[in-house]
Structure formats: structure tokens, C-alpha cells
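Asker: My questions concern the predicted model and sequence given below.
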Amino acid sequence: MPALPLDEAGKYVAGAYVVFLALILVYVAIIGSKIARIGREIAELATEEDE
Amino acid sequence: MYSKGLVPLGWATAVTLTAAMALVFFYAPLDADQGFVQKIFYVHVPMAIVALGGFIAGGVFAIRHLRSGDRSWDMRSYVAIHVSIILGCGVLVTGAIWAKASWGHWWVWDEPVLVSFLVVFLLYCVYYPLRFSIEDPDRQARYSSVFAITAGAFVPLNFIAVRLAEAYTHPRVLSQTGGSLPGDMRLTFLVALAGMALLFVTLWKLELTAKHASMQLKRLRNRARVAA
């Protein structure tokens, strides 16, 4: 198959890089929210212990 | 424990990946055959190599678990496989996009590199049902380690088999004699590979930190319950 023109090839290249970035951002967001939740629960536990 | 050095590692990853992207779009020349579409190579191939390396690392950690009996090695193995599976999803999607742009089809079944990666990916998808179908934590860790070692040994065998089958038909990107990549493309590829490897280690440490914190929280709760 001949090389695609730049305007058409650009869509595919952008698609591939967006998939990569989205994958990493979603993963980091999930793990980050998990760590934040654990932090909150630890703070709650510490407050309960103080009371 | 696992969070040590995570922030500088994260910065090193961000800087290396940004440098790799800059090299991809402003330094590496256009491929004479595929043109601009070949830029997908710099995200797809490093991601595939790092994912396969992560599967092998999972096997190595599993060996350490079985030898020492220390379950923290099983956790390292599990997280390495988990991060590799996520990168593997990216490899399959970016590979499909590249195949569509280059060959006009989203998937080509007679391309051994694609199909062999899918086989490895599906093999590791079995890891989750196996691991989470066992309730006893010690047995779960032991069985998962055996799986991780067996599957980890399959990864290089699979790779070698594909290379042997394709020795005369598939262009070599990297080989002992230097491969077929020109110098500026090779530099870009190596920086992208280093960035992807750093990303893997960062995500691995991040998830291990979350898992460790979650286990600590569970322990604290149990202690509080006993004290009450």
C-alpha cells in the first residue's frame, strides 16, 4: 500500500498517541484516587482513635 | 517502603517521554516507505518490548517468591504483570491503528508478530481468574507464582520462534548487526524505549505503594477492632 498523505496519516498517528496518553492518564487517575481514599480512611481512623 | 524515590522517578519519566515525543516529531526523519504513519512505531514498539519485559520480570519476582516464601515478591510479580497487561492493551490498540493505516485492515491474522503478541496477552489474561479464584492467600500466591514463571518462560520462547520463522521475510528493527534503522531513527527509538521503561517502573512503584498502603490500612483497622 502506498504511503498515506499527511492529512490522513495524521489522524492515525494522533489516534495512536492519544490512546497511549489516555491509557496512562486513566491508570494514574485510578491509582491516585485509590491512594487518596486510603489517606482519607487513615485520617478517619486516627480521628476515631483520638476520640 | 515502595514510595521511596517515586517523585524523582516520575519526573525522570516525564522528561524522558517529553524528549522522546520531541525527537519523534521534530528530529526523526519521515520513513521513505510508510511516511508519517511510521511515527506510530515509536510508541507501539517500545510499549510492546516493555510489556514483554514486564511479563518476564513478573516471572523473575515469582521465582524469588517461591525461593524465599516472602509474599511481598508475589505482590511485585502481580503488579508487574498487571502493568504489563495495561501496556499490552495499548500495544494491541496502537498496533491495530498502525495496521489499518499501513495495510488497510485493523488486524492481519497472517502477521506472526501481531498474532504472537495476542497469544501472549491472552495467556496473561488467564492470570486474573486463576489468581482470584483462590481464597487462601498463601495458596493464591504460590499458584500465581507458578503461573507467572511458566508464562514468563513462554515469552522469550515465543519471541525466538517468531524471529526464526521470520528470519528472511520480516525487516529487522534491532539486531546484533545493527538492524535496519538509520542512526537518527535509532536514537529516537532508544530514547522512546528508555522513557517507556521508566514509565513502567514508575507505574509499578505507584501501584505497589497503593497496595502496600491498603494492606497497612487493613492491619490498622484490625488492630483498632481488637482494641475496641
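Answerer: Structure's in. What do you need? As the structure is a computational prediction, the values presented were derived from the model and not from experiment.
Asker: B:D31: neighbouring residues, count only.
Answerer: Per other Cβ atoms under 10 Å in any protein chain shown, the neighbour tally for B:D31 reads 16. Where C-beta positions appear, they are placed from N, C-alpha and C, glycine not excepted.
Asker: no no, B:S133
Answerer: Using other Cβ under 10 Å, B:S133 has 9 neighbouring residues.
Asker: Please report phi then psi for it.
Answerer: Listed backbone geometry of B:S133 is phi -90, psi -10, with angles given as degrees, to the nearest 10.
Asker: which residues does it contact?
Answerer: Contacts of B:S133 were listed using Cβ atoms under 8 Å, 6 or more residues apart in numbering or on different chains, and none were found.
Asker: Just the buried residues of the helix or strand containing B:V83, please?
Answerer: Using DSSP states H and E, B:V83 falls within helix B:71-103. For helix B:71-103, burial by neighbour count (16 or more other Cβ atoms under 10 Å in any protein chain shown) applies to B:71-88, B:90-102.
Asker: show me the contacts for the residue sitting nearest the centre point of chain B.
Answerer: Central residue of chain B (Cα atoms, centre = their mean): B:A51, 1.7 Å from the mean position. Counting by Cβ under 8 Å, 6+ apart, B:A51 touches B:S84, B:I85, B:L87, B:G88, B:V91.
Asker: filter the residues you listed by proximity to chain A?
Answerer: When the contacts of B:A51 are checked against chain A using Cβ under 8 Å from any Cβ of the partner chain, the ones in range are B:L87.
Asker: Might you list the low-confidence residue ranges for chain B?
Answerer: Chain B contains residues with pLDDT under 70 at B:1, B:166-179.
Asker: the helices in it, which residues?
Answerer: Chain-ordered helices for chain B, with DSSP state H as the definition, fall at B:6-26, B:41-68, B:71-103, B:112-125, B:127-132, B:137-165, B:183-227.
Asker: Kindly report the residues of chain A close to chain B.
Answerer: Taking Cβ under 8 Å from any Cβ, the part of chain A that reaches chain B is made up of A:1, A:3-4, A:6, A:9-10, A:12-13, A:15-17, A:19-20, A:23-24, A:27-28, A:31, A:34-35, A:38-39, A:41-42, A:45, A:48-49.
Asker: can you tell me the residue of chain B closest to chain A?
Answerer: Sorted by distance to chain A under Cβ to the nearest Cβ, the residues of chain B start with B:G35, at 3.3 Å.
Asker: Looking at strand pairing, list the partners for that residue.
Answerer: According to DSSP bridges, B:D31 are recorded as the beta-bridge partners of B:G35.
Asker: I'd say it and A:D7 touch.
Answerer: No. Shown here, B:G35 and A:D7 do not form a contact pair, counting by Cβ atoms under 8 Å, at 11.6 Å.
Asker: between the two, who's got more neighbours?
Answerer: Legend: neighbour count by other Cβ under 10 Å for B:G35 and A:D7, higher for B:G35 (18 against 8).
Asker: Can you give me the separation between that one and B:D184?
Answerer: 16 Å (Cβ to Cβ, to the nearest Å).
Asker: B:G195 too?
Answerer: 17 Å.
Asker: In terms of neighbours, single out the busier of those two.
Answerer: Neighbour totals were compared for B:G195 and B:D184, and B:G195 leads with 25 against 12 (other Cβ under 10 Å).
Asker: wait, what's in contact with that one?
Answerer: For B:G195, the contacting residues are B:T13, B:T16, B:L17, B:A19, B:A20, B:P46, by Cβ under 8 Å, 6+ apart.
Asker: need the helices for chain A, in chain order.
Answerer: For chain A, helices defined by DSSP H occupy the ranges A:6-50.
Asker: Residue ranges in it under the pLDDT threshold?
Answerer: Counting by pLDDT under 70, chain A contains low-confidence residues at A:1-4, A:6.
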